[in-house]
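Enquirer: sequence and predicted structure below; questions after.
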Number of protein chains: 2
Amino acid sequence: MFSFPDRLAEAVRRRGPLCVGIDPRWESLPISIRQAFAAGAEQQDRAKAFEAFSLQVLDLVEPFCAVIKPQAAFFEQLGLPGFAALDRILKSARERGFVTILDAKRGDIASTAAAYAEAAFSDDVWNADALTVNPYLGADAVEPFVSEATKRNRGLFVLVRTSNPGGGLFQNLVADGLPVYRHVGKAVAEWNAPTTGECGLGMIGAVVGATHPKELAELRDAMPQVWFLVPGFGAQGGTADDVKPGFLSSGLGAIVNSSRGVTFPFHPDERDWQSKIIAAAGTAQRQLVAASAGNH
Amino acid sequence: MFSFPDRLAEAVRRRGPLCVGIDPRWESLPISIRQAFAAGAEQQDRAKAFEAFSLQVLDLVEPFCAVIKPQAAFFEQLGLPGFAALDRILKSARERGFVTILDAKRGDIASTAAAYAEAAFSDDVWNADALTVNPYLGADAVEPFVSEATKRNRGLFVLVRTSNPGGGLFQNLVADGLPVYRHVGKAVAEWNAPTTGECGLGMIGAVVGATHPKELAELRDAMPQVWFLVPGFGAQGGTADDVKPGFLSSGLGAIVNSSRGVTFPFHPDERDWQSKIIAAAGTAQRQLVAASAGNH
């Protein structure tokens, strides 16, 4: 069985570095889908609508991307029916051959962290290929995630420099001449080093926002064997130029997430929303493939 | 309706500062409970056993504490049946009049953070009185939690200085003369200030580990209006003396969590595990009431 970094490399070589984020929002769904599910009268109806829409999205974007990132929060918001929908979406994505990243930003200590990691990767629960993780609690809190991911041949993406406007409040504090996010980056590079696969990259990746191109370039240089998951492209303001510094000269090294930009490029009233998604995914794929080739 | 800080103050005045953590582990459950649920043959059986055990714990500890903190990870580990069990435990705790803290350490940006906050507080999902939150993503990531908690009259506990041995890796980095956790503490104090209730404390609390008494004392001085949730007492090594600095001279200001120490003070084979829990909760309550009076 291929290692996680090599599976990701294969996915990116096949369809480019676009990762499509599945962040369903009720008020953005096509009217036709909302009406098909009792206009969301119950939590259960909304969850079914999220599922129906997301499964269609998987269908529509499949030619343009090989990585899918569902956002746990939007499903948790719908309670148990929401979790059931998330489960079926992850299952369907897996069956179609997508690499799946569960974006849940988990973080806790000791046996609690181990429980989150088991939930993320076990066949009985989410069975995702990778999980996003928050590093604030330190190395011994990340270790149970690393250990479970290693055991099951999966991956992690640790938050290093986030894409939100206020992400620098603590991440940019300077200690010993380096901002906190660089200290986190150094730790991630160390944890990742022993896991390097044939592609030259390892299983412990970093989340680095597209909205900070200078910091992205700096981190790329500092962490040459680390896969980057780059959010903030598209709706959050990051451009294809902004993400260029995230790629290695091989064209690998980064997957770039777009959620709203690819999945909601239409008004809920529009009938032909499917072709808008196809067009948006195609454009994003083209832009990102070009950007990833830019450093050759 | 009382504000969250005043409800917490009332709970602590009534039964002392002990908070009991609900962190069920299959291998620690009494044999009798494991056997009653098909020895955990299926996820569903384990979840039912977690629920049965946790509801008994609520019964047993009720005379000794007024605050209950279920740990989301141990339920997520059991998938959908686990989430259903967590839901029923929170509901039962609420009906018995406990203040409930959902320990899920959530953290994300913008509408994603808002979705987590809605899940934590809405009647349709967890309906907890308070949620633990990770600050790494900065002020604009915490803001949606603050806004939802304010709207629904609930509380937050933001991770400031965690109790794990390696918690200092990033939290203790020194920037502008202060460790990162003090910068986080300052931000929490600012967010909290406008929310002060009649008890003199606000709705945005801080998680500060019992395993670092010096830092606990320092943070107590720096954040006099902030409720502390203090983990690390008991099984993790923190003593009643260690948590003393967390209390204000009023005896309020801190709730002290014990999970394993109170809920698993027995060997799984022991028949009379219930009286062990009663004894452990009684001892913890006495020690903590004395500790909270120590600064008078």
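Expert: That came through fine. Residues are numbered from 1 along each chain as shown, chains lettered A, B, ... in the order given.

Enquirer: list the contacts for residue A:164?
Expert: Counting by Cβ atoms under 8 Å, 6 or more residues apart in numbering or on different chains, residue A:164 makes contact with A:209, A:211, B:109, B:110, B:137, B:138, B:140, B:141. (C-beta placed from N, C-alpha, C; glycine too.)

Enquirer: now with 6 Å?
Expert: Neighbouring residues of residue A:164 by Cβ atoms under 6 Å, 6 or more residues apart in numbering or on different chains: B:109, B:140, B:141.

Enquirer: neighbours of the closest residue to it other than its chain neighbours, how many?
Expert: Of all residues not flanking residue A:164 in the chain, residue B:109 sits nearest, at 4.0 Å (Cβ to Cβ, 6 or more residues apart in numbering or on different chains). Using other Cβ atoms under 10 Å in any protein chain shown, residue B:109 is surrounded by 25 other residues.

Enquirer: could you point out which element follows the helix or strand where residue A:216 lies?
Expert: Using DSSP states H and E, residue A:216 maps to helix A:213-222. Downstream of helix A:213-222, the next assigned helix or strand under DSSP H and E is strand A:228-230.

Enquirer: direction included, what does that following strand pair against?
Expert: Next to strand A:228-230 in the sheet, as set by DSSP bridges, lie strand A:204-208 (parallel), strand A:254-258 (parallel).

Enquirer: off-centre distance for the first one?
Expert: This points to strand A:204-208. In this view, strand A:204-208 has its centroid 10 Å away from the chain centroid, taken as Cα atoms, centre = their mean, to the nearest Å.

Enquirer: likewise stretch A:263-277?
Expert: 22 Å.

Enquirer: kindly report the same for stretch A:190-205.
Expert: On the basis of Cα atoms, centre = their mean, stretch A:190-205 sits 18 Å off its chain's mean C-alpha point.

Enquirer: now do stretch A:206-215
Expert: On Cα atoms, centre = their mean, the centre of stretch A:206-215 falls 14 Å from the chain's centre.

Enquirer: pLDDT wise, what is the residue nearest the centre of chain A at?
Expert: Most central in chain A under Cα atoms, centre = their mean is residue A:69, positioned 4.4 Å from the mean C-alpha point. Per-residue confidence for residue A:69 comes out at a pLDDT of 98.

Enquirer: do the same with residue A:120
Expert: On the pLDDT scale, residue A:120 gets 98.

Enquirer: pLDDT below threshold where in the stretch 1-150 of chain A?
Expert: A:1 (pLDDT under 70).

Enquirer: contact residues of it facing chain B?
Expert: Proximity of the stretch 1-150 of chain A to chain B, by Cβ under 6 Å from any Cβ of the partner chain, involves residues A:43, A:71, A:73-74, A:76-77, A:79-80, A:83-84, A:105, A:107-109, A:112, A:115-116, A:118-119, A:124-125, A:134, A:136-141.

Enquirer: the helix or strand hosting residue A:131: partners in the sheet, and parallel or antiparallel?
Expert: Taking DSSP H and E as the criterion, residue A:131 maps to strand A:130-133. According to DSSP bridges, strand A:130-133 has the following sheet partners: strand A:99-106 (parallel), strand A:155-161 (parallel).

Enquirer: render the CA-only coordinates of the shortest one in PDB, please.
Expert: What follows is strand A:155-161, C-alpha atoms only, in PDB (Å, rounded to 0.1, in the frame of the first residue of the first chain):
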ATOM      1  CA  GLY A 155      -1.700  11.900   7.000                       C
ATOM      2  CA  LEU A 156      -2.000  15.000   9.100                       C
ATOM      3  CA  PHE A 157      -2.000  18.700   8.300                       C
ATOM      4  CA  VAL A 158      -1.000  20.800  11.300                       C
ATOM      5  CA  LEU A 159      -2.100  24.400  11.400                       C
ATOM      6  CA  VAL A 160       1.000  26.600  11.000                       C
ATOM      7  CA  ARG A 161      -0.100  30.000   9.500                       C
END
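
Enquirer: return the distance of the helix or strand that it is followed by from the chain's centre.
Expert: On the C-terminal side of strand A:155-161, the closest following helix or strand by DSSP H and E is helix A:168-171. When C-alpha coordinates are averaged (Cα atoms, centre = their mean), helix A:168-171 and its chain have centres 21 Å apart.

Enquirer: quick one: helix A:168-171 near chain B?
Expert: Yes. Using Cβ under 6 Å from any Cβ, helix A:168-171 reaches chain B at residue A:169.

Enquirer: show residues contacting the helix or strand just after that helix.
Expert: Next in sequence after helix A:168-171, counting helices and strands by DSSP H and E, comes strand A:174-175. The contact list for strand A:174-175 (Cβ under 6 Å, 6+ apart) reads B:173, B:174, B:175.

Enquirer: try it again with 8 Å
Expert: A:180, A:183, B:173, B:174, B:175, B:176, B:180.

Enquirer: would you agree the last one is in contact with residue A:172?
Expert: This points to residue B:180. No. Applying Cβ atoms under 8 Å as the test, residue B:180 and residue A:172 come out as separate, 11.2 Å apart.

Enquirer: give me the common contacts of those two.
Expert: With Cβ under 8 Å, 6+ apart, residue B:180 and residue A:172 have common neighbours residue A:180.

Enquirer: look at those two and report which has more neighbours.
Expert: residue B:180 (26 against 16).

Enquirer: so who does that one touch?
Expert: Residues counted as contacts of residue B:180 (Cβ under 8 Å, 6+ apart) are A:170, A:173, A:175, A:180, B:170, B:171, B:172, B:173, B:174.

Enquirer: show me which of the residues you listed are buried.
Expert: In the contacts of residue B:180, burial by neighbour count holds for A:170, A:173, A:175, A:180, B:170, B:171, B:172, B:173, counting by 16 or more other Cβ atoms under 10 Å in any protein chain shown.
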